[in-house]
Structure formats: structure tokens, C-alpha cells
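# here you go, sequence then predicted model.
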Amino acid sequence: MTPGTATVALDHRFARELPELAVPWQGEEAPQPRLLVLNEPLAHDLGLDPAWLTTPEGLGLLTGTRPPEGATPVAQAYAGHQFGGYSPQLGDGRALLLGELVDGSGRPRDLHLKGSGRTPFSRGGDGFAVVGPMLREHVISEAMHALGIPTTRSLAVVATGRGVRRESVQPGAVLARVAASHLRVGSFQFVRATGDDGLLRRLADHAISRHHPGAAEADHPHLALFEAVVAAQAALVAQWMLVGFVHGVMNTDNMTISGETIDYGPCAFIDAFDPATVFSSIDADGRYSYGNQPLAAEWNLARLAEAMLPLLADDEETAVAVATEALQEFRGHYSAAWSSGMRAKIGLSGSAGDDAASQLVRDLVALVQADHVDHTSFFRSLSTAARGDAEPARRLFLDLAGFDAWTRRWLALAPDADAMDRVNPVYVPRNHLVEEALTAATDGDLDPLARLMDALAEPYDARPGLERYAVPAPDSFGRYQTFCGT
Ligand code: AMP
Ligand code: MG
């Protein structure tokens, strides 16, 4: 039997349980849909036949123009603080939730489209997305997944055949994205602003059941939900910092309740280690700079706490006290995750010599920052130093005496080189390589993208022939600037 749309069994739990946040809608017709990339392993995991997804019916699903029979795609309502300023109504202005699928591990996953046309939340926008930025989300989200960092996934990017007006006319595209859910801090803010505490309770219960089921067993499930989000976000941002990822637009509408990374816009990976690194053209003040990300996350979680106040206690004063105490846990969670991650990166995971290892981490951060050392290649080369050849790491420094002194102290603690290679990637989506692949793809050549994706799929496994994917951009690449997810 040829699998048809009827075989795609989408659930609509979000729309059913939270209809106040779901506006039934459909994707705008794509004049000439053409599949650019398809994530076959992910399709299989979701029970979707990759061959069927390439058919006109399959492309109809992936663009939202032909939803499966009985399916009711919705645009989701949410609010959010953008660069500190509150917008009471954002919502899916160019996106649709098709519904939920169950993956191979039995977990419900949102199937969501980005770039599918105008919705009631579009405000001044055209509802569309273009090939470059959608492929960018494809590359970086899949790289994050391969690195082991919680993230939304990319199932496919389909070029629509529509010209979309940006600074110039660009080829339009729809990204099909998969996520644990699209509940955001901004979802809670939107509901809080309605003043409907019953709806707020329903949203929190929905979030508990989908993402933090353990909270249901707690004495105070809604407080436990907040604590679980605090812990998940602290762990997530620590992973970003360890790998050198800069999200770039950590607005509260771009922070999930699940703890997955979401909404890849002007994000990028650092080369030289520098906390002040900003890539986004619109982040002139560095609000979302590399080093500010933990603080930005904590600030967003304070907004979540405010939105949840009516659920935390009967009177506001108690609720604020309870929320403040819970939010204070963020720093401890974050520091613990970052410190143990850094000890792992230098091969000193064991509890023995913890103090010495922590001091080594602090001293190392000062050294790499002072010399603007390339983050990814430095940590990877350090395992070679642990195996007896310090030269590849040493040549990245100007302060050779400082590096040598640090290395002597570090080697005395017998770092585990093989364990280091399991946590320090060789390949990350380097900015010049991402740009090269996206430029070629926008001009119709998908080969550089495919080669980049191959390297990024096994980031910890150094392979011959992929040397150019492991080194920083040449100086001629200059300072990198990114533009918001247009
Ligand atoms: P983002 O920067 O992608 O996180 O989007 C922030 C908000 O702007 C969300 O409400 C989006 O739906 C909306 N938005 C972004 N681009 C467009 C567009 N081209 N048309 C309509 N809405 C958009
Ligand atoms: Mg967003």
C-alpha cells in the first residue's frame, strides 16, 4: 500500500486542551514546492516514510498546504519580552503547529512549520521565510542535536517557488520542525495577561504532563514545574557555554518550557574565546552576548515566575517569596553544570582533586580569554597534550610561559585523554563554513551543505579528509555578523 496522508496520525492535544491559545489555520499555497533537504533518520523515527514525503502529498504535508485528513493545524498564541520590552501579542506570525506525532521512543513530538504564510498573528510581516535562514536552522539545530544538546530538530526544508521580498527578492522556503513542544515562557506570559487563572492552571498542567511529569508527584506541582524549568534551562545554557554557542535572541518567546533550544535566528558559534562576543546585528548593547547568556536566562525565568504567581500561592506576597526562593536555585544549578562540564573538558571528571581541578579551570579560562584562543580547536587539541604532545595546543597561545605552567599542573592530575575526546567536538558549525554552504544552496548547489552536514553529524569523531571543517575561519573572513531570522 502506498502510504498516504491518511497514514499520518496527528494528535491535537495542544489545540484540544488549550483552545484559547490555538487558532485553526492553513498554510498558504506554495507555487512550486521543491524538497531541499530531508532528515531521513528523523522521518523514520517519527513513523513517516521518507519516500512518501518526497511525493506531492508529502510536500503538501511539509508545507502545510495539504494537512492530513482530519488534521487541524493551528497558529499558537504567545507573548514575550523582546530585548527587555514586553509585547503582549506575538504568536505564530509565520508558523503553524500541524499537530503531534509519537516518536520511536514513545514521546509526543510537535510537528511544526516555519514560513507557511500569514496568520492572524502576522502583524506587519509577510508570513514567509527564505531558503538561507531556514537551511541555517536546519544545519545548526541538527549540529546541536549531534553534539548532545537538547534542541528542536529539523525534518525538512522545502523551497516554495515563491519569491519573497527582503533586502532583495529571495527564494521562499518552509522549515518542518520537530520539538518536544512549542510551549514558551511567552506562552505563560500571554495567559497570565488574560487574567484567566483557570487557563493558567490548565497550561501548567499540560506542561507538567508533557515535559516534567515528576512535578505531578510533588506536594506543590506548579512550584515543582517552575523548579524543573529553572533546572532544565540552567543545564541547557551551561551546555551552550561549554560548546561556545551564542543563541543571539534569548527573548522570552524564544525560551522553551521543555528545556530545548529553539528558534535559531542570528545564532552562531564563537571562534576566539571572548565573553563579549555578539554576532547579531540587532544586539548592539550585547544583551545576549556569549558571556551574558546565563544572566539572560535567569532574567527570563523571573518573567516566567511572574506569569506563574497565581499558581504559586493564594496571596501575592507569599507567591513572590516562594518564586524568589525557587529562582535562586538557578545559579547553583548553572554553576554545578558548567563546572563539571569544564572539568570533563580538561579530562578531570573524577571527584578526586576537585578543588585543584576547579582552580585549573579558572586559570585556564583567564589564559584562553587573554590570548583569544580558538575555543573548539583548543579543547580538542588538549587531549593530544594529555597524550604527550602539547605542541598543537601550545601554538594557539601567545603567553607560552603561562600555558606551560598551567599544563605542568594539569598533567600532574593525569587527565583522561579518551574521555576528553568524547566531550570536546572536532566539528562545530563554523561561521565561514555555514555561510559558504548557505550561499551555494541559495544559488542551487546543495553539495557544500551536504558535506558540512556529514561532518557535523559525528562531531566527536575526527575523520581524515575533513580537516577544513576543524579549523577556524581564515583572517580574511573578518568579523562575523548575523541577521535576525528573516
Ligand atoms: P522570531 O524572531 O522568529 O522568534 O519571531 C518573533 C515574532 O515575529 C514571532 O511572533 C514571529 O511569528 C514573528 N515573525 C517573524 N518573522 C515574520 C514574518 N516574516 N511574518 C510574520 N511574522 C513574523
Ligand atoms: Mg521566536
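Cool, the structure landed. Numbering: from 1, shown residues only. Ligands and ions are numbered 1, 2, ... in the order given.

# buried stuff in the longest helix along the chain?
Secondary structure of the chain read by DSSP state H shows that its longest helix is helix 221-243. If you call a residue buried by 16 or more other C-beta atoms under 10 Å, then helix 221-243 has these buried ones: 221-243. C-betas here are computed from N, CA, C, even on glycine.

# again, but for stretch 195-210
For stretch 195-210, by 16+ other C-beta under 10 Å, it's 199, 200, 202, 203, 204, 205, 206, 207, 208, 210.

# need the residues you listed in CSV (columns: pLDDT, secondary structure and distance to residue 283).
Shown next, in CSV, are the buried residues of stretch 195-210 (pLDDT from 0 to 100; DSSP: H, G, I helix; E, B strand; the rest coil; distance: C-beta to C-beta, whole Å):
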residue, pLDDT, secondary structure, distance to residue 283
199, 98, helix, 33
200, 98, helix, 31
202, 98, helix, 35
203, 98, helix, 30
204, 98, helix, 31
205, 98, helix, 35
206, 98, helix, 32
207, 98, helix, 29
208, 98, helix, 33
210, 98, helix, 31
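
# where does pLDDT dip in this protein?
Low-confidence segments of the chain, defined by pLDDT under 70: 1-6, 351-353, 484-486.

# how many residues are close by residue 9?
By the measure other C-beta atoms under 10 Å, the count of residues near residue 9 is 13.

# now it: phi and psi?
Dihedral pair for residue 9: phi -90, psi 90, per degrees, to the nearest 10.

# need the contact list for it.
By C-beta atoms under 8 Å, 6 or more residues apart in numbering, the residues touching residue 9 are 68, 101.

# again with residue 20
Contacts of residue 20 (C-beta under 8 Å, 6+ apart): 77, 191, 194, 196, 199.

# one more time with 10 Å, if that's ok
77, 190, 191, 194, 196, 198, 199, 202, 203 (C-beta atoms under 10 Å, 6 or more residues apart in numbering).

# for those residues, give me CSV that also has distance to ligand 2.
Formatted as CSV, the contacts of residue 20 follow (distance: C-beta to the ion, whole Å):
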residue, distance to ligand 2
77, 13
190, 13
191, 17
194, 20
196, 24
198, 27
199, 22
202, 23
203, 18
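
# pull the most distant pair out of the residues you listed.
By the measure C-beta to C-beta, 77 and 198 form the most distant pair in the contacts of residue 20, at 16.3 Å.

# can I get stretch 442-449 in CSV, CA atoms only?
The C-alpha trace of stretch 442-449 is given here as CSV (Å, rounded to 0.1, in the frame of the first residue of the first chain):
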residue,chain,number,x,y,z
THR,A,442,20.7,29.6,-2.3
ASP,A,443,22.3,29.5,-5.7
GLY,A,444,21.1,26.0,-6.3
ASP,A,445,24.2,23.9,-5.3
LEU,A,446,23.4,21.7,-2.3
ASP,A,447,26.7,19.8,-2.2
PRO,A,448,28.6,22.0,0.2
LEU,A,449,25.6,21.8,2.6
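
# buried ones in that stretch?
442, 448, 449.

# packing partners for whichever strand or helix holds the last one?
In this case it means residue 449. Here residue 449, judged by DSSP states H and E, is contained in helix 447-457. Based on contacts counted as 3 or more C-beta pairs under 10 Å, 6 or more residues apart in numbering; DSSP states H and E, the elements that helix 447-457 packs against are strand 34-38, helix 131-147, helix 431-442.

# contact partners of the shortest one?
Applying C-beta under 10 Å, 6+ apart, the set of residues contacting strand 34-38 from outside is 48, 50-51, 53-55, 58-59, 62, 131, 134-135, 138-139, 142, 154-161, 171, 173, 175-176, 441, 444, 446, 449-450, 453.

# filter the residues you listed down to just the buried residues.
48, 50, 53, 55, 58-59, 62, 131, 134-135, 138-139, 142, 154-160, 171, 173, 175-176, 441, 449, 453.

# for ligand 2, tell me which of the residues you listed show up nearby.
Among the buried ones among the contacts of strand 34-38, proximity to ligand 2 is found for none (C-beta under 5 Å from the ion).

# ok, and of the residues you listed, which contact ligand 1?
Counting by C-beta under 6 Å from any ligand atom, nothing from the buried ones among the contacts of strand 34-38 sits close to ligand 1.

# can you tell me how far the residue most central in space within the chain is from residue 97?
For the chain, the residue nearest the mean C-alpha position is residue 261 (2.5 Å; C-alpha atoms, centre = their mean). Distance of residue 261 to residue 97, computed by C-beta to C-beta, to the nearest Å: 18 Å.

# residues of the chain that sit close to ligand 2?
254, 263.

# contact partners for residue 64?
25-30, 71, 73, 95-98, 111-117, 158, 174, 176.

# what residues does the helix holding residue 449 touch?
With C-beta under 10 Å, 6+ apart as the criterion, helix 447-457 contacts 36-37, 39, 41, 135, 138-140, 142-147, 157, 425-430, 433-434, 436-441, 446, 461, 463, 465-466, 468-470.

# just the buried ones from the residues you listed?
Looks like the contacts of helix 447-457 have 36-37, 39, 135, 138-140, 142-147, 157, 425-430, 433-434, 436-438, 441, 466, 469-470 buried, using 16+ other C-beta under 10 Å.

# quick one: closest of the helices and strands packed on helix 447-457 to residue 284.
helix 431-442 (19.1 Å).

# what is that closest one packed up against?
In terms of contacts (3+ C-beta pairs under 10 Å, 6+ apart), helix 431-442 is packed against helix 131-147, strand 153-165, strand 169-179, strand 268-269, helix 447-457.

# that helix vs strand 169-179, what angle?
With axes from the mean of the first three to the mean of the last three C-alpha atoms, to 10 degrees defining the directions, helix 431-442 sits at 110 degrees from strand 169-179.

# angle of helix 431-442 against helix 447-457?
Helix 431-442 and helix 447-457 are oriented at 140 degrees to each other (the same axes, to 10 degrees).

# roughly how far is helix 431-442 from the heart of the chain?
20 Å (C-alpha atoms, centre = their mean, to the nearest Å).

# ditto for stretch 85-103
15 Å.

# what do you get for stretch 104-121?
Relative to the centre of its chain, stretch 104-121 is centred 15 Å away, using C-alpha atoms, centre = their mean.

# span of that stretch from start to end?
33 Å (C-alpha to C-alpha, to the nearest Å).

# could you pull out the buried residues of it?
108-119, 121.

# which stretches in the chain count as strands?
With DSSP state E, the ranges of strands along the chain come out as 22-24, 34-38, 74-76, 80-82, 85-87, 95-102, 108-114, 129-130, 153-165, 169-179, 245-246, 268-269.

# now the buried residues of stretch 104-121 in CSV, with distance to residue 270?
Below are the buried residues of stretch 104-121 laid out as CSV (distance: C-beta to C-beta, whole Å):
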residue, distance to residue 270
108, 34
109, 30
110, 30
111, 32
112, 28
113, 31
114, 26
115, 28
116, 33
117, 35
118, 36
119, 35
121, 33
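
# which two of those residues have the greatest separation?
Farthest pair in those (C-beta to C-beta) is 108 and 118. Separation: 27.8 Å.

# which residue is the nearest non-sequential neighbour of the residue of the stretch 151-300 of the chain found nearest ligand 1?
Nearest to ligand 1 in the stretch 151-300 of the chain, going by C-beta to the nearest ligand atom, is residue 263, at a distance of 4.5 Å. Take residue 263 and drop its neighbours on the chain: the residue closest to it by C-beta to C-beta, 6 or more residues apart in numbering is residue 254, 4.2 Å away.
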